[in-house]
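Trainee: one predicted model, sequence on top.
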Amino acid sequence: MIGKKMEKALNGQVNAELYSAYLYLSMAAWFESKNLSGFANWMCVQFQEEQFHAMKFYDYILERGGTVTLTAIEAPQTAWNSPLDAMEATLEHEQKVTGLINDLVYLARNEKDNASEIFLQWFVTEQVEEEDNVNTILGQLEWIKDHPQALFGLNKELGQRTFTPPAAEGD
Ligand code: FEO
């Protein structure tokens with residue numbers, strides 16, 4: 001049975017992951033409106049990944065005999081100044097999520113909740129990958145500032161991204 005403090009914090013993370021999904025769907029719509037469908041595709045995959053993350057917390061809370069309590073999801077921003085601006089906002093958001101995951105790990109340690117600490121390790125690793133993915137795109141966008149014609153090549157590349165549920169990779 002999960003402790004009340006941990007249960008509340010994990011429910012908070014379900015909301016945070018669903019907000020992430022919402023934010024990236026909003027970015028997908030904005031990119032699509034700018035005819036950058038490759039970037040929009042990349043954001044749609046982010047949207048799917050975040051829903052997967054939310055469900056992973058949801059399943060875990062229930063598995064530990066806890067109660068899932070869904071709360072209102074904040075409305076995300078709807079427009080950005082440029083692809084670079086949107087990707088900078090994405091990195092900033094992922095860094096914030098990394099902080100939230102770290103706080104959950106510290107709480108699990110304080111609560112002597114070993115199962116939750118082990119469960120959270122998957123997210124610690126996932127956040128390293130998430131930040132790295134965004135950093136790579138940001139680096140390319142910085143370079144594109146001086147070579148704007150290259151934006152369409154990156155757009156094409158991002159259009160190739162597909163969602164692979166991590167469970168299918170042996171998680
Ligand atoms: Fe669920 Fe992008 O972290």
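Mentor: Alright, I've got the coordinates.

Trainee: OK, contacts around the residue of the chain at minimum distance from the ligand?
Mentor: Proximity of the chain to the ligand (CB to the nearest ligand atom) peaks at H53, 3.7 Å away. Quick note: C-beta positions are derived from backbone N, CA and C, even for glycine. Each residue near H53 by CB atoms under 8 Å, 6 or more residues apart in numbering is listed here: 17, 20, 123, 126.

Trainee: now those residues as TSV including secondary structure, pLDDT and distance to G66?
Mentor: Formatted as TSV, the contacts of H53 follow (DSSP: H, G, I helix; E, B strand; the rest coil; pLDDT from 0 to 100; distance: CB to CB, whole Å):
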residue	secondary structure	pLDDT	distance to G66
E17	helix	98	16
S20	helix	98	21
F123	helix	98	17
E126	helix	96	21
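
Trainee: so which of the residues you listed reach the ligand?
Mentor: Among the contacts of H53, the ones lying close to the ligand by the criterion of CB under 6 Å from any ligand atom are 17, 20.

Trainee: mean confidence for stretch 140-156?
Mentor: Across stretch 140-156, pLDDT averages out at 93.

Trainee: how long is that stretch end to end?
Mentor: Counting by CA to CA, to the nearest Å, you get 13 Å between the two ends of stretch 140-156.

Trainee: run through who's touching it.
Mentor: Residues contacting stretch 140-156 (CB under 8 Å, 6+ apart): 36-39, 83-84, 87, 137.

Trainee: highest neighbour count among the residues you listed?
Mentor: F39 (26 neighbours; other CB atoms under 10 Å).

Trainee: quick one, what contacts that one?
Mentor: Counting by CB under 8 Å, 6+ apart, the residues that F39 touches are 31, 83, 86, 155, 158.

Trainee: before we move on, what SS does the fourth one have?
Mentor: Under DSSP: H, G, I helix; E, B strand; the rest coil, the three-state class of N155 is helix.

Trainee: and it, how many neighbours?
Mentor: 20.

Trainee: next one: the third one
Mentor: For A86, the number of neighbouring residues by other CB under 10 Å comes to 22.

Trainee: and what of the first one?
Mentor: For F31, the number of neighbouring residues by other CB under 10 Å comes to 23.

Trainee: what helix or strand is it located in?
Mentor: Per DSSP states H and E, F31 falls inside helix 4-33.

Trainee: show me the contacts for the residue nearest the centre of the chain.
Mentor: Nearest to the mean C-alpha position of the chain, counting by CA atoms, centre = their mean, stands E50 at 4.8 Å. Contact partners of E50, counting by CB under 8 Å, 6+ apart, are 17-18, 20-21, 24.

Trainee: try E49
Mentor: Applying CB under 8 Å, 6+ apart, the residues near E49 are F163.
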